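> Need the 3D shape of this:
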Amino acid sequence: MSIELALFPLKTVLFPGGALALRIFEPRYLDMIARSLRGDNRFGVVAIRSGAEVGAAEAFEVGTTAEIVDWHQESGGMLGIRAVGRDSFRVDATSRRPDGLYVGRVTLLEEPASVPLPAAHASLATLLRSLLAQVPAFAEVPAPYDDALWVGARLAEMLPLAVPLKQALLEARDPLARLERIAASLRNESSAA
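Residues are numbered from 1 along each chain as shown. Predicted coordinates:
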């Protein structure tokens, strides 16, 4: 299904099911959030390939819709929002409005099916459990550590991986291949240390 979606280029990759906290101050994004709250409550997050969060940016072609779940006014005119990643999408075309806001014609992608976590990757679930124990926001969230899709997405978000690798992990449609790539990256990191 193809839809029009306001795009928010960021130096991060949002995965379906992931959490996103933003402090918004640019008028184009304040307007975007206001329109989202009055409409379907969603906007698109795309990782920046080159450029900056403030000003012009070239983004990757695959992103994730973000649904606003909470917001609050901060001092100095800033707006704080919390959003949750919902559906991944492919950008078919983009345009930039006079106020600088990017808008895309996007196609929603079918999400991969959940698959059981293989025993060979049990250590990744253990690592994720220790990482999430340090994040109060996850204290109340159900944590399906036996789901390869969920474990791979949360690890990709939490680990200090380069944005191009996180983007490749978002684009990977096979949860087991995503886990294997994360495991390989961790092995490479530990052998380099």
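
> which one's the longest strand in this structure?
strand 79-96 (DSSP state E).

> How far off centre is that one?
9 Å (Cα atoms, centre = their mean, to the nearest Å).

> Can you mark which positions in it are buried?
79, 81, 82, 83, 84, 85, 86, 87, 88, 89, 91, 94 (16 or more other Cβ atoms under 10 Å). Heads up, the C-betas are built off the backbone N, CA and C, glycines and all.

> Pull up the gap between the last one and residue 53, please.
This means residue 94. 16 Å (Cβ to Cβ, to the nearest Å).

> same thing with the first one?
Using Cβ to Cβ, one obtains 15 Å as the distance from residue 79 to residue 53.

> buried set for the helix or strand harbouring residue 31?
Using DSSP states H and E, residue 31 maps to helix 27-38. Using 16+ other Cβ under 10 Å as the test for burial, helix 27-38 gives 28, 29, 32, 33, 36.

> can you tell me which residues contact the third one?
With contact set as Cβ atoms under 8 Å, 6 or more residues apart in numbering, residue 32 has these partners: 6, 8, 43, 101.

> Surely the first one is in contact with residue 46?
No: contact criterion Cβ atoms under 8 Å: residue 6 and residue 46 do not qualify, at 10.8 Å.

> Between the buried residues of strand 79-96, which sits nearest residue 22?
residue 81 (5.2 Å; Cβ to Cβ).

> Could you give the bridge partners of that closest one?
Listed beta-bridge partners, residue 81: residue 22, residue 71 (assigned using DSSP bridges).

> so what pLDDT did it get?
pLDDT for residue 81: 92.

> ok, it to residue 57 distance?
Separation of residue 81 from residue 57 (Cβ to Cβ) stands at 19 Å.

> Equivalent analysis for residue 6, please.
From residue 6 to residue 57 the distance is 14 Å (Cβ to Cβ).

> What of residue 168?
Distance from residue 168 to residue 57, counting by Cβ to Cβ: 19 Å.

> In the chain, spot the helix with the most residues.
If you go by DSSP state H, the chain has its longest helix at helix 175-192.

> What are the buried residues along that one?
Applying 16+ other Cβ under 10 Å to helix 175-192 flags 175, 176, 178, 179, 180, 181, 182, 183, 185, 186 as buried.
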